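Participant: Next comes the sequence, and after it the predicted model I'd like to discuss.
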Amino acid sequence: MAKGATTPKVTTETPEPQVAEVSEQITESITNPTLERFESEEPYRPTETPEPQVAEVSEQTTPEFLDRIDNPENHPFIRNDDGSISTHRMADAEVDGQYIAYPEIQMIDGELTRLEGRAALDKALETNNFIEFPTAEEASEYARGGYKTEKFNTVSRSNRGEGEDMTSTFSGGNISEERLEELTLPSDTTTSLLIKRFENFNPVANWDVRQNTNGFGTEALNANEEVTMEVAQERLMAVITRDTNSIKNFDEEHGYNFTENEVVGLVSFMFNLGPGSLNQVTANGTRSKEEIANKMLEYINSAGQPLQGLINRRQDEYDIFTGKVTI
């Protein structure tokens, strides 16, 4: 699409009228590249008397939430009733074939505002407050916690008022304490709550690296399945029971004498990577506990690339397995 007006032909006999320079401004104002992702790909063809059009999205090119991630010390946060804090509450979606991640907590008129569902998505699209990813998996992984850098976690712990002891190294997963409370059900255990911190809840099936998942990250029956939180809870607890029993049987065979912390760390690890990961990380029962813990930290790649969300999760599982964090 041309960004400048075509130079007019000039003759000595009958000069043609030149195109006003304002047409370039008009053309660029309504061919905002971000807007084109969600609207028609047809090029703009001005009429004889074009009028300036108002773009439906903000002129800002960098999503505002990124600076709140990169420089969290310069930005406010929301203090929840339970003492926890919220800054972003990231979500992901597919919009016209594009996979995006966006915050549900957004800066509106100078104040952090918590939006829900479609209202959050619409506001993010309106203000260009989102980023695109090549695949749904990458967008989902980012929204689940991949955006949390070491600096971001450090400032968040400081804002929560935590000290610098060993327990403060726990990232707390990808959701706020307030959100975890919303997802907590009577049948929950320490292990299920840990997994919920990482997985959150999504009733609609989404492709997740190897399979369609929904609920609390368990396998969906099909690509279109939608589940209630109660059904999701049943499936989550069934997987936890299966993996816990596998670990206990493995322990009896190889004589590790796993502690409760070690079992919880391994169940979360297996939930994320699959049942076969127990044999992989232990080298079929030949590695020591220290070697197992160190090996867990290596499982941080998705599609061949390290993801911050997986780095955070592996570190938390390592800290739980080694007893640095008491659960």
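Facilitator: Thanks, I have it. Numbering: from 1, shown residues only.
Participant: Checking residue 181 next. Helix, strand or coil?
Facilitator: Following DSSP: H, G, I helix; E, B strand; the rest coil, residue 181 is assigned to helix.
Participant: how many neighbours does it have?
Facilitator: Using other CB atoms under 10 Å, residue 181 has 13 neighbouring residues. In this view, the C-beta of every residue, glycine as well, is placed from N, C-alpha and C.
Participant: Repeat that for the one 10 residues further on.
Facilitator: In terms of burial, residue 191 registers 23 neighbours under the definition other CB under 10 Å.
Participant: Now do the contacts for it.
Facilitator: Shown in contact with residue 191 (CB atoms under 8 Å, 6 or more residues apart in numbering): 240, 244, 263-264, 267-268.
Participant: same thing but at 7 Å, please
Facilitator: The contact partners of residue 191, taken as CB atoms under 7 Å, 6 or more residues apart in numbering, are 240, 264, 267.
Participant: what does residue 296 give?
Facilitator: Residues near residue 296 by CB under 7 Å, 6+ apart: 269, 281, 314, 317-318, 321.
Participant: Just put those residues in a markdown table and tack on secondary structure, pLDDT and distance to residue 177.
Facilitator: Putting the contacts of residue 296 into a markdown table (DSSP: H, G, I helix; E, B strand; the rest coil; pLDDT from 0 to 100; distance: CB to CB, whole Å) gives the following:
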| residue | secondary structure | pLDDT | distance to residue 177 |
| --- | --- | --- | --- |
| 269 | helix | 96 | 23 |
| 281 | helix | 97 | 29 |
| 314 | helix | 92 | 22 |
| 317 | helix | 92 | 19 |
| 318 | helix | 91 | 22 |
| 321 | helix | 91 | 23 |
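Participant: starting at the chain centroid, how far to the host helix or strand of residue 113?
Facilitator: Using DSSP states H and E, residue 113 maps to strand 111-114. Relative to its chain's centre, strand 111-114 lies at 19 Å (CA atoms, centre = their mean, to the nearest Å).
Participant: Show me what it is packed up against.
Facilitator: Taking 3 or more CB pairs under 7 Å, 6 or more residues apart in numbering; DSSP states H and E as contact, the helices and strands that strand 111-114 lies on are strand 105-108.
Participant: follow-up on the earlier one: which of the contacts of residue 296 sits closest to residue 64?
Facilitator: Nearest to residue 64 out of the contacts of residue 296 is residue 314 (CB to CB; 29.9 Å).
Participant: where does this structure dip in pLDDT?
Facilitator: The chain contains residues with pLDDT under 70 at 1-60, 80-85, 144, 153, 156-172, 326-327.
Participant: wait, what's in contact with the residue minimising distance to the centre of it?
Facilitator: Centroid check for the chain by CA atoms, centre = their mean gives residue 143 as the closest residue, at 0.8 Å. By CB under 7 Å, 6+ apart, the contact set of residue 143 is 90-92, 101.
Participant: which of those lies closest to residue 259?
Facilitator: residue 90 (33.4 Å).
Participant: Report the contact partners of the closest one.
Facilitator: By CB under 7 Å, 6+ apart, the contact list for residue 90 reads 101, 103, 143, 147.
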